[in-house]
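Q: quick one, fold the following:
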Amino acid sequence: MGWFSGSSSKEDTSAPNRENRQKCWETRDAYFACLDGAGVVKAGEEGNACSKEKKLYEGNCAKSWIDYFNQRRIIAEAQKDRLARASEQAQSAKK
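A: Residues are numbered from 1 along each chain as shown. Alright, predicted model coming up:
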């Protein structure tokens, strides 16, 4: 599989094509939806709950992409919390 797999034999150094990227994004979205359903923010902490989706995600995305997407998920969740708190503070300041 090369670029998107974890195998080290004959790594493909070419950039992913549109089809590869789309498959990666689709499997990422399915995995993250499963994490959301399990109430998990940090990927890898779901136990066996999303093992099928995780395997597809890791098989269709480059490791560097997986690391980036997982970090972005944590950052986005933290940002949602901060925005919610700021909104609450703004509402209480208006009263």
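
Q: next up, the contacts around Leu56.
A: 27, 30-31 (CB atoms under 8 Å, 6 or more residues apart in numbering). Where you see a C-beta, it was placed from the backbone N, CA and C, and this is true even at glycine.

Q: next: Lys42.
A: 70, 73-74.

Q: try 6 Å
A: Contacts for Lys42 (CB atoms under 6 Å, 6 or more residues apart in numbering) come out as Ile74.

Q: could you look up the SS state of Ala76?
A: Three-state call for Ala76 (DSSP: H, G, I helix; E, B strand; the rest coil): helix.

Q: re the thing from before, closest to Gln89 among the contacts of Leu56?
A: Distances from Gln89 to the contacts of Leu56, taken as CB to CB, are shortest for Tyr31 (33.8 Å).

Q: how many neighbours does Asn70 have?
A: 18 (other CB atoms under 10 Å).

Q: quick one: which of the contacts of Leu56 is most hemmed in?
A: That'd be Tyr31 among those, by other CB under 10 Å, with 26 neighbours.

Q: hmm, Tyr57 and that residue touching each other?
A: Yes. If you go by CB atoms under 6 Å, Tyr31 and Tyr57 touch, sitting 4.1 Å apart.

Q: ok, residues contacting stretch 75-90?
A: In contact with stretch 75-90 (CB under 6 Å, 6+ apart) are residues Val41.

Q: and it, what's buried?
A: Residues of stretch 75-90 classed as buried: none (neighbour count, 16 or more other CB atoms under 10 Å).

Q: over to stretch 16-29?
A: 16, 20-21, 23-24, 27-28.

Q: so which of those residues sit within helices?
A: Among those, the ones falling in helices (DSSP state H) are 20-21, 23-24, 27-28.

Q: what about the helices in this structure?
A: For the chain, helices defined by DSSP H occupy the ranges 18-38, 51-60, 63-94.

Q: so which of these comes closest to Glu45?
A: Closest among the helices of the chain, using CB to CB: helix 18-38, at 8.7 Å.

Q: next one: the closest one to chain centre, how far?
A: 7 Å (CA atoms, centre = their mean, to the nearest Å).

Q: hmm, who's touching that helix?
A: By CB under 6 Å, 6+ apart, helix 18-38 touches 46, 49-50, 53-54, 56-57, 60-61, 69.

Q: great, nothing more from me.
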